[in-house]
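1. Using only what follows, build the 3D model:
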Amino acid sequence: MVKLRLKRYGRKQRMTYRIVAIDAQSRREGKVTREVGFYNPRKEQTQVDISAITSLCASGAKLTETVRDIFIREKLKIT
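-> Here you go, the predicted structure:
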């Protein structure tokens with residue numbers, strides 16, 4: 001099963017995240033199927049590719065709770 005979840009980047013105390021589509025059994029830094037967005041919690045910046053996310057969700061990808069909360073905060077309607 002494919003999940004949309006966060007992949008951590010950056011150094012200590014300066015982390016940023018990429019929103020990626022990845023196999024549910026893979027590690028956090030495992031091989032990514034597709035990168036669909038970016039999240040910077042320090043500056044509260046989010047950038048997402050809505051068309052890629054909707055196509056992945058239509059094909060059966062699930063969202064993690066954290067990614068779902070980020071989308072809600074950005075007022076995106078993804079089911």
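2. remind me which residues of this structure are low pLDDT?
-> By pLDDT under 70, the weakly predicted segments of the chain are 79.
3. Please repeat the previous calculation with a cut-off of 80.
-> 26-30, 77-79 (pLDDT under 80).
4. tell me, what residue is most central in it?
-> The centre of the chain sits closest to Ile19, judged by CA atoms, centre = their mean, with a distance of 2.4 Å.
5. what helix or strand does that one sit in?
-> Secondary structure from DSSP states H and E places Ile19 in strand 16-23.
6. tell me the contacts of Leu76?
-> Val48, Ile50, Ile53 (CB atoms under 8 Å, 6 or more residues apart in numbering). In short, each C-beta sits where N, CA and C put it, glycine included.
7. same thing but at 10 Å, please
-> Listed by CB atoms under 10 Å, 6 or more residues apart in numbering, the contact partners of Leu76 are Thr46, Val48, Ile50, Ile53, Thr54, Arg68, Ile70.
8. and those residues, which of them are in strands?
-> Thr46, Val48 (DSSP state E).
9. Take the contacts of Leu76 and keep only those in helices.
-> Counting by DSSP state H, those place Ile50, Ile53, Thr54, Arg68, Ile70 in helices.
10. ok, Lys31 - how many residues close by?
-> By the criterion of other CB atoms under 10 Å, Lys31 has 9 neighbours.
11. now the residue nearest to it when sequence neighbours are not counted, which residues is it bridged with?
-> Here the nearest residue to Lys31 in space, its sequence neighbours aside, is Ile22; by CB to CB, 6 or more residues apart in numbering that works out to 7.4 Å. Note on Ile22: beta-bridge partners Lys3, judged by DSSP bridges.
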